[in-house]
Each structure stands twice: as structure tokens, then as C-alpha cells.
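Enquirer: Sequence and predicted structure below; questions after.
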Amino acid sequence: MRVYAYLRASTKEQDALRAKDTLSEFAKFLKVKISAWFIENESGAKLQRPELFRLLDTAEPGDAILIEQIDRITRLSEEDWYKLKSIILDNRIKVISLDLPTSHNFASIDDEFQRWVLSAVNSMMLDILAATARKDYTDRRRRQADGVLKAKDEGKYKGRPLNVDLHKKIQSLLDVGKSYSEIQFLLRCSRHTISKVKNRKF
């Protein structure tokens, strides 16, 4: 069994490497070696995540994804979660998560019957934690929206601060004729941000 560690943060401003030491220690506790690290800054509510799917393409039946918490791989809607879960299960890839104790034994069980039972239990627990992660995501989004509405009512809302440094870099690349795709690759920003900058001069 090869083990692939997956680290994710939602935005470019957050540190996706924050849990790397924690996962390294977790791997030592499980007595497994991490074969490769897959790291990205993408929302867990978004199904299409390049590094996660690169991991899934790399992993073979019997391999495992090592994560800190289930919400690192999913804050997805129910429909999207079942799509992702189907890919994981159909390829017989295990999910080992620090916050899912039933998954820890995947690293040491050799008996086929025990693996089968553990897989069934783990699948159920994955669904529960995936639903909890989604609820946490939607609750936080609702609270944020409520806070914005309240701030607007009180005349205090100023919107998201402008990332001037990023916008200047985008403008510089636009000025030398770089394409949207090239700028996305170089700066890890969205096409929407590039489009906004294209219509604004510094």
C-alpha cells in the first residue's frame, strides 16, 4: 500500500502546508511512509480540484489518501460528494484521516474479512463526516452573509480589500502579452480577477 498525503487550504492567503508536520507525525504513528505530497489552494466545496484528481489518477487499487480531516477532501454538496466517493471506492482507494479513527487500522490489517467489515464501517463514517463538513461550510457562509447584510445596514461594509500587489503583477503580465491561461498558471489567480484587472489601469 502506497500512501499519498493531501493538503488543502481554501484560499491563496491560507497556508496549505499548515498541517504538513501533523500529517508527517501521523504517518510515523501509523508506521507508514508517505510516497508523495499533493498540495493545493482550492475550496473544499468545489469538486474539480487539480491536485486531488492528480492524486486519484496516480493512486492504484489498495493505495491510501492520508489527510488531517475529512473536510480537506470534501465540503461538497451531497451530489458532488457521492461523485467523488464513487471515484475513490471504484478505484479501491482508502481514505485515512486523523479525525476518523475507524480508518487508522487500514494501515495494519491484512485479514480480508476484517478489511471488508472495516471498509463498510468506514464508508458510513465518511458519509457522516462529509455531511458534517458540508453543514459547517453552509453555516459559515450563512453567518458571513448575515454579517455583510448587517454591516451594509450600518454603513460599515467596505467589501473585500483589494490585493494591489497581485493586481499589479497581473497587469505587468498582460502588458507583455501573456494569455489568461499563462497568468493563471504563473500567479494561481482566477480568470475573473484577470478580467477585472484588464479593465483597470494602475
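Expert: It's in. No experiment lies behind these values; they were computed from the predicted model shown.
Enquirer: Which strand or helix spans Ile65?
Expert: strand 64-67 (DSSP states H and E).
Enquirer: Let me see the residues that make contact with that strand.
Expert: 1-6, 23, 26-27, 32, 34, 55, 59, 73, 88, 93-98, 106-107 (C-beta atoms under 8 Å, 6 or more residues apart in numbering). Bear in mind the C-beta positions are built from the backbone N, C-alpha and C, glycine included.
Enquirer: now the residues you listed: which count as buried?
Expert: Neighbour counting with 16 or more other C-beta atoms under 10 Å marks 3-6, 23, 26-27, 32, 34, 55, 59, 73, 88, 93-98, 106-107 as buried within these.
Enquirer: Narrow these to those in strands?
Expert: With DSSP state E as the criterion, strands contain Val3, Tyr4, Ala5, Tyr6, Ile34, Lys94, Val95, Ile96, Ser97 from among the buried ones among the contacts of strand 64-67.
Enquirer: which residues touch Lys12?
Expert: Counted by C-beta under 8 Å, 6+ apart, Lys12 has contacts Asn41, Arg188, Cys189.
Enquirer: Please tell me I have it right and the first one contacts Leu17.
Expert: Pointing back at Asn41 there. No. Using C-beta atoms under 8 Å as the test, Asn41 is too far from Leu17 to be in contact (10.3 Å).
Enquirer: pLDDT of the lengthiest helix in the chain, averaged?
Expert: The longest helix of the chain (DSSP state H) is helix 112-153. Per-residue pLDDT over helix 112-153 has a mean of 75.
Enquirer: Counting neighbours, what do you get for Ile39?
Expert: 13 (other C-beta atoms under 10 Å).
Enquirer: Could I get the contacting residues of it?
Expert: By C-beta under 8 Å, 6+ apart, the contact set of Ile39 is Tyr6, Leu7, Arg8, Ala16, Leu17, Glu51.
Enquirer: what's the burial count for the fifth one?
Expert: The one in question is Leu17. 11.
Enquirer: if I look at it, how far off is Ile34?
Expert: Using C-beta to C-beta, to the nearest Å, Leu17 is found at 14 Å from Ile34.
Enquirer: How about the second one?
Expert: Using C-beta to C-beta, one obtains 11 Å as the distance from Leu7 to Ile34.
Enquirer: Mind giving me the packing neighbours of the worst-scoring helix or strand of the chain on mean pLDDT?
Expert: Taking mean pLDDT, DSSP states H and E as the measure, the chain has helix 112-153 as its least confident helix or strand, at a mean of 75. Where contact means 3 or more C-beta pairs under 8 Å, 6 or more residues apart in numbering; DSSP states H and E, helix 112-153 is packed against helix 78-90, strand 94-97.
Enquirer: Please compute how far the very next helix or strand once past that helix lies from its chain's middle.
Expert: The C-terminal neighbour of helix 112-153 among helices and strands, as given by DSSP H and E, is helix 164-175. On the basis of C-alpha atoms, centre = their mean, to the nearest Å, helix 164-175 is displaced by 27 Å from the centre of the chain it belongs to.
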